[in-house]
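[1] Give me a model of this one.
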Amino acid sequence: MDSIDPISKRVSIREYDSREIPEEVLRKILEAGRIAPSAMNYQPWKFVVVRDSSRRKNLSHGRYAKFLTECPVVIVGCGNKKRSPEWYTVDVTIALQNMVTQATAEGLGSCWIGSFDEDTVKAAIKVPEDHAIVAMLAIGYPKDGKRKIAHKRKSFDEIVSFEDFS
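    I've put the predicted structure just below:
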């Protein structure tokens with residue numbers, strides 16, 4: 001088992017073709033989120049899967065999220081503020097990252113959306129007041145040629161030190 005491959009191949013995809021994601025593939029992606037670790041095992045998440053094009057359009061009013069209208073699936077990661085007020089953001093983020101890794105392993109592209117109007121999104125998908133939207137994931141098959149863009153990463157020595165910060 002080698003998880004570094006999908007982690008290292010993941011890039012943000014903002015252009016998708018029209019293929020639907022097979023149900024069994026989508027369920028594997030969601031399962032990767034469901035089994036994520038969480039503080040005190042609270043699992044303070046709820047994931048709303050949005051496939052309907054008019055609902056996706058309602059989610060796309062954010063500054064950088066216009067491409068949500070063309071991806072086949074948007075997963076909205078919500079956190080229960082009452083259940084885990086200090087940790088829901090971290091917990092939901094870990095679960096969403098598991099989903100991104102699984103989506104990449106399945107040959108899909110994805111893009112994190114962290115810039116959105118929370119009130120608009122909450123109204124569009126009926127999120128209750130005791131929950132916050134942490135982030136959204138656009139998921140779909142990349143248009144031809146859109147997956148190959150690699151980003152330069154800092155070297156290991158630039159970001160890692162042992163025993164102390166120096």
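[2] list the helices and strands the longest helix seen in the chain packs on?
    Longest helix in the chain, counting residues (DSSP state H): helix 88-105. If you count contacts as 3 or more CB pairs under 8 Å, 6 or more residues apart in numbering; DSSP states H and E, helix 88-105 packs onto helix 4-9, helix 23-34, strand 45-50, strand 73-80, strand 109-113, strand 131-140. Heads up, the C-betas are built off the backbone N, CA and C, glycines and all.
[3] May I see these organised as a markdown table, with distance to Ala95, mean neighbour count and mean pLDDT added?
    Listed next are the helices and strands packed on helix 88-105 as a markdown table, based on distance: least, CB to CB, whole Å; neighbours: other CB atoms under 10 Å; pLDDT from 0 to 100:
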| stretch | distance to Ala95 | mean neighbour count | mean pLDDT |
| --- | --- | --- | --- |
| helix 4-9 | 15 | 12 | 86 |
| helix 23-34 | 4 | 16 | 99 |
| strand 45-50 | 5 | 19 | 98 |
| strand 73-80 | 7 | 24 | 98 |
| strand 109-113 | 13 | 22 | 94 |
| strand 131-140 | 9 | 23 | 97 |
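[4] Nearest approach to Glu158 belongs to which of the ones you listed?
    Between Glu158 and the helices and strands packed on helix 88-105, the tightest spacing by CB to CB is seen for helix 4-9, at 16.8 Å.
[5] so what does that closest one touch, helix or strand wise?
    helix 88-105.
[6] for the longest helix of the chain, which positions count as buried?
    Buried residues in helix 88-105, counting neighbours by 16 or more other CB atoms under 10 Å, are found at 88-89, 91-105.
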